[in-house]
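Chemist: 3D model of this:
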Amino acid sequence: MNTRQYINYLFPILLVVILSSCGSNSSPKKSNSTDNVAEIPVSEEEIDIVISEYPEIRINEIITKNAESEYSWIELHITSNNAVNLSDFSLTKDSTEFSPLPDISLEPGSFYIIYATTDLNTGLETVNFKLGNSDNVSLFKGDDLIDKISWKKGEALFGSSFGRFPDGSDSTQTLIPTASNENIKATLRDLVISEVVANASDDSNDWFELLNTSDQEIILSEYQIINKNKELDPVTLPDIMLSAGQYQKIIASEIDPGEAYVPFQLSSSDELELIFNGESIYYFDWKPSDVPKGFSYGLSIDGNLPRKTLIPTPSESNRNVIVFNESIVQSLSIEIADENWQDILNNPLDKIYHRASLTFNGVTLNEIAIRTKGSSSLTSVFNSGGERFSFKFDINEYVSGQKLFGLKKFVLNNSFHDPSYMREKIAYDLLDEMGVVVPKHAYVNFYVNGELRGLYLMLETIDKTFLKKHFGNSQGDLYKPDGVGSDLRWIDNEFMSYPGVELKTNKKSSDNGAFVNFVSEMSFGDTNSVIDIDSVLRYMAVSVSLSNLDSYHGPHDHNYYIYEQDGIFSFLPWDLNESFGTFGTLLTCQTQDIRELTIDEPTTGPLIEKPLLAKLFSNPIHLETYHNYLWELINGSLSSPAFSERVNGLANLIREHVANDPTSFYNLSDFNKNINESVDRFYGLTSFIEYRRDNMIRQLSGEIDPTRSGNGFCSTF
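Modeler: As a prediction, the model looks like this:
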């Protein structure tokens with residue numbers, strides 16, 4: 001048994017989603033009877049987590065309402081390389097009543113339709129349950145949970161299905177029904193609700209906006225709308241002809257305002273449903289934090305999801321709120337009980353959340369959580385008697401589902417070890433320009449109970465919300481390595497043997513088999529099969545250029561995330577404040593000049609101890625790609641004119657705020673000096689890049705050896 005076959009029995013499947021309407025199929029017919037139900041007593045303790053890296057079968061598509069058939073259906077897809085007999089499997093909704101599958105064998109890649117109904121004698125192959133507007137289906141092999149798909153209201157409306165895209169993957173979304181065929185992504189309906197105001201700034205009437213996404217005229221009076229909170233019968237929309245691509249604002253008022261309206265009001269927590277020919281075709285709901293006073297809520301880019309808090313633009317294209325505005329320094333303030341704030345300052349190492357209210361960008365939320373953030377930097381600040389800590393904010397810790405402009409969490413970083421305040425900001429910007437997925441970020445002045453606490457860098461947290469924004473598939477396993485196992489070296493096939501690797505998502509459904517397979521392949525197998533190579537090479541080009549050894553390739557191999565999608569991991573950077581060689585003076589090899597970090601062995605110890613890099617850099621093609629990215633930086637962002645312009649522009653933006661910072665680690669004179677010159681052991685930004693750029697050119701041209709014979713940068717030969 002090879003490594004992959006061995007790991008094949010150590011893998012989770014991530015929970016996902018499916019649903020909808022329309023489309024017939026030609027699955028084999030079979031008389032429906034109550035004999036097709038098995039009472040299998042399976043307690044929650046008896047149910048095993050998904051154990052297959054590549055499941056034999058996946059629940060691929062579901063439909064809850066079908067225009068051509070009165071029954072809902074479930075499509076199974078054979079993902080195995082071998083034929084699979086369905087009789088080994090069963091389907092269930094509640095893990096108590098199981099419907100065994102028929103005794104037939106299906107070839108690899110094939111699809112199979114089973115109808116979901118409690119009706120008898122349908123002449124179809126069925127399972128003995130129905131599918132609801134918000135529901136789930138699980139696939140079992142004995143008492144092992146093999147796959148599960150769930151959906152919520154609005155994800156599988158009439159005329160749509162819900163399932164996996166691409167077929168058999170973890171990623172799920174609304175689809176065009178394609179029974180027994182490859183799945184197709186759905187587009188928005190001809191008529192959609194594109195924007196809602198449910199808390200107008202001037203206390204005027206609330207409204208919603210309709211958008212005709214089709215290429216034909218639409219008569220609105222052919223549609224009805226339901227406001228669920230009011231428990232009203234469907235209301236016919238005004239008799240208006242809406243041209244293709246046109247928007248129409250509809251007032252929501254119980255009194256005729258003299259323009260297009262519906263006779264009900266909207267609430268801060270509400271939902272609307274569009275009806276056509278008696279069927280629900282579009283669903284739109286929101287919570288109070290989605291529609292703060294003075295803002296709207298709707299499609300982030302017209303015709304596309306996800307929905308976001310917006311700047312109101314009635315009858316016009318939607319306009320996004322710029323949360324992380326990098327062109328200005330915004331203010332972020334909290335109000336917190338004095339005793340709670342004092343507890344944070346007195347006991348920062350406890351990292352205990354405290355309740356506070358928060359105001360940012362014109363929005364106030366009364367129930368949010370704040371705590372300190374960090375590890376060695378937090379301890380260092382505390383031990384020095386300082387109070388300039390970094391902070392983590394949780395917006396929905398006390399109010400479920402609450403968000404701040406779509407954010408559930410964010411952090412404020414304190415520019416530790418950075419007289420320039422710019423190291424982390426520039427590092428993220430360079431990574432972003434290189435095509436690496438990074439957190440959004442911007443400067444803010446942080447106030448506590450009306451008192452300025454300093455200039456901070458605000459960043460979005462790498463979490464489920466982040467994944468939804470940046471990846472088409474947000475169902476994968478997210479890990480934050482920091483400790484034993486974070487070097488990604490193989491230990492054994494038990495995830496508990498890697499205690500320094502923390503799973504951040506899918507904690508209830510994943511058995512961490514994807515990670516175990518990942519580190520196995522790093523040592524014994526095919527790197528291409530488990531890593532998004534380009535994301536690593538792009539990250540390494542920037543990190544090595546900035547001699548950032550407080551990272552994966554440094555002595556602590558940390559400050560990064562890895563995110564898995566269908567068994568393939570992407571590399572995500574984090575905590576970059578020690579870029580520009582800052583971490584170098586803490587190394588055991590202090591006799592080495594960190595500005596001369598070897599580009600092909602940018603590790604403090606033997607390259608083989610970082611198997612991800614050893615594997616990639618041993619491949620001439622990958623190494624050449626990495627070198628090309630270094631040249632791209634050298635000739636572009638890190639060229640003297642471009643880099644100096646970047647640094648001076650940022651310095652001009654924040655200089656006034658640095659001068660007013662009451663808790664700064666360094667004074668304004670140090671800030672100005674560190675733009676070009678060293679302050680203490682911290683290199684000047686422009687002088688560092690000038691030296692580093694020249695050194696990398698000499699390594700790339702062969703004038704200087706870019707390796708250390710496999711021993712890493714700290715070796716003496």
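
Chemist: ranges for the strands of the stretch 451-600 of the chain?
Modeler: Per DSSP state E, counting those that start in this stretch, the stretch 451-600 of the chain carries strands over the ranges 451-460, 478-481, 501-503, 560-565, 568-573.

Chemist: contacting residues for Tyr629?
Modeler: By Cβ atoms under 8 Å, 6 or more residues apart in numbering, the contact set of Tyr629 is 434, 537-538, 541. (Glycine included, C-beta is placed from N, CA and C.)

Chemist: helices and strands of this structure: which one bottoms out on pLDDT?
Modeler: helix 3-7 (a mean of 31; mean pLDDT, DSSP states H and E).

Chemist: re the thing from before, can you flag the buried ones in the contacts of Tyr629?
Modeler: 434, 537-538, 541 (16 or more other Cβ atoms under 10 Å).

Chemist: which of those sit farthest apart?
Modeler: Spanning the widest gap among those are Met434 and Leu537, at 9.6 Å by Cβ to Cβ.

Chemist: in contact with Gly298, which residues?
Modeler: Here Gly298 is in contact with 193-196, 209, 307-308, 310, 318 (Cβ under 8 Å, 6+ apart).

Chemist: let me know the closest of these to Phe284.
Modeler: Ile193 (4.3 Å).

Chemist: which residues does that closest one contact?
Modeler: 208-211, 272, 274, 282, 284, 298.

Chemist: Glu690 reaches Ser640, doesn't it?
Modeler: Yes. In this structure, Glu690 is within contact of Ser640 by Cβ atoms under 8 Å, at 6.4 Å.

Chemist: ok, the two, which is more surrounded?
Modeler: Glu690 (17 against 11; other Cβ atoms under 10 Å).

Chemist: and the more buried one, helix, strand or coil?
Modeler: What DSSP: H, G, I helix; E, B strand; the rest coil gives for Glu690 is helix.

Chemist: what's near enough to touch it?
Modeler: Listed by Cβ under 8 Å, 6+ apart, the contact set of Glu690 reads Ser640.

Chemist: neighbours of Ser300, how many?
Modeler: Neighbour count of Ser300, defined by other Cβ under 10 Å: 16.

Chemist: quick one: it is in a helix?
Modeler: No. Judged by three-state DSSP, Ser300 forms no part of a helix; its state is strand.

Chemist: report the beta-bridge partners for the residue nearest to it when sequence neighbours are not counted.
Modeler: Leaving aside its sequence neighbours, Ser300 sits nearest to Lys308 (Cβ to Cβ, 6 or more residues apart in numbering; 4.2 Å). Lys308 has the following beta-bridge partners by DSSP bridges: Gly298.

Chemist: isn't Lys308 up against Phe405?
Modeler: Yes. In this structure Lys308 lies within contact range of Phe405 using Cβ under 8 Å: 7.4 Å.

Chemist: spit out the residues that contact those two alike.
Modeler: Any residue near both Lys308 and Phe405 by Cβ under 8 Å, 6+ apart counts here, and that gives Val321.

Chemist: how far away is Glu451 from Glu335?
Modeler: As for Glu451, its distance to Glu335 is 11 Å (criterion: Cβ to Cβ, to the nearest Å).

Chemist: ok, now Leu274?
Modeler: Distance from Leu274 to Glu335, by Cβ to Cβ: 41 Å.

Chemist: between these two, who's got more neighbours?
Modeler: Between Leu274 and Glu335, Leu274 has the larger neighbour count (other Cβ under 10 Å), namely 22 against 15.

Chemist: run through the bridge partners of that one.
Modeler: The partner list for Leu274 in beta bridges (DSSP bridges) reads Ile225, Tyr282.

Chemist: pull the contacting residues for it.
Modeler: Leu274 neighbours (Cβ under 8 Å, 6+ apart): 189, 191-193, 223-225, 280-283.

Chemist: with Gly142 instead?
Modeler: With Cβ under 8 Å, 6+ apart, Gly142 has these contacts: Asp88.

Chemist: so where's the stretch 251-400 of the chain shaky on pLDDT?
Modeler: 301-305 (pLDDT under 70).

Chemist: please enumerate the helices of it.
Modeler: With DSSP state H, counting those that start in this stretch, the ranges of helices along the stretch 251-400 of the chain come out as 338-346, 376-383.

Chemist: TSV for the contacts of Ile193, including distance to Glu70?
Modeler: Formatted as TSV, the contacts of Ile193 follow (distance: Cβ to Cβ, whole Å):
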residue	distance to Glu70
Phe208	33
Glu209	35
Leu210	31
Leu211	32
Leu272	27
Leu274	23
Tyr282	23
Phe284	27
Gly298	35
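
Chemist: hmm, Leu188 is touching Leu210, no?
Modeler: No. Assessed by Cβ under 8 Å, Leu188 is found out of contact with Leu210, at 11.9 Å.

Chemist: count the neighbours of Asp534 for me.
Modeler: Residues near Asp534, counting by other Cβ under 10 Å: 16.

Chemist: distance between the ends of stretch 251-261?
Modeler: 4 Å (Cα to Cα, to the nearest Å).

Chemist: in it, which residues are buried?
Modeler: 251-253, 260-261.

Chemist: and stretch 482-495, C-alpha only, in PDB?
Modeler: C-alpha atoms of stretch 482-495 as PDB (Å, rounded to 0.1, in the frame of the first residue of the first chain):
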ATOM      1  CA  ASP A 482       2.800  27.600  15.100                       C
ATOM      2  CA  GLY A 483       4.800  24.900  17.000                       C
ATOM      3  CA  VAL A 484       5.400  21.200  16.600                       C
ATOM      4  CA  GLY A 485       4.500  20.300  13.000                       C
ATOM      5  CA  SER A 486       4.600  23.800  11.600                       C
ATOM      6  CA  ASP A 487       7.700  23.000   9.600                       C
ATOM      7  CA  LEU A 488       5.500  20.700   7.700                       C
ATOM      8  CA  ARG A 489       7.800  17.700   8.200                       C
ATOM      9  CA  TRP A 490       6.200  14.200   8.300                       C
ATOM     10  CA  ILE A 491       5.900  12.800  11.900                       C
ATOM     11  CA  ASP A 492       3.300  10.100  11.500                       C
ATOM     12  CA  ASN A 493      -0.300   9.600  10.400                       C
ATOM     13  CA  GLU A 494      -1.900  10.900  13.500                       C
ATOM     14  CA  PHE A 495      -2.900  14.600  13.500                       C
END
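
Chemist: buried ones in it?
Modeler: Residues 482, 485-490, 493, 495 are the ones in stretch 482-495 that count as buried (16+ other Cβ under 10 Å).

Chemist: which two among the residues you listed are spaced furthest apart?
Modeler: Asp482 and Asn493 (21.6 Å).

Chemist: tell me the strands beside the strand or helix carrying Val137, with direction?
Modeler: Mapping Val137 onto the secondary structure by DSSP states H and E places it in strand 135-141. If you go by DSSP bridges, strand 135-141 pairs up with strand 89-92 (antiparallel), strand 144-151 (antiparallel).

Chemist: where's the shortest one relative to the chain centroid, distance-wise?
Modeler: What that stands for is strand 89-92. Taking the mean of its C-alpha atoms, strand 89-92 sits 31 Å from the chain's own mean (Cα atoms, centre = their mean, to the nearest Å).
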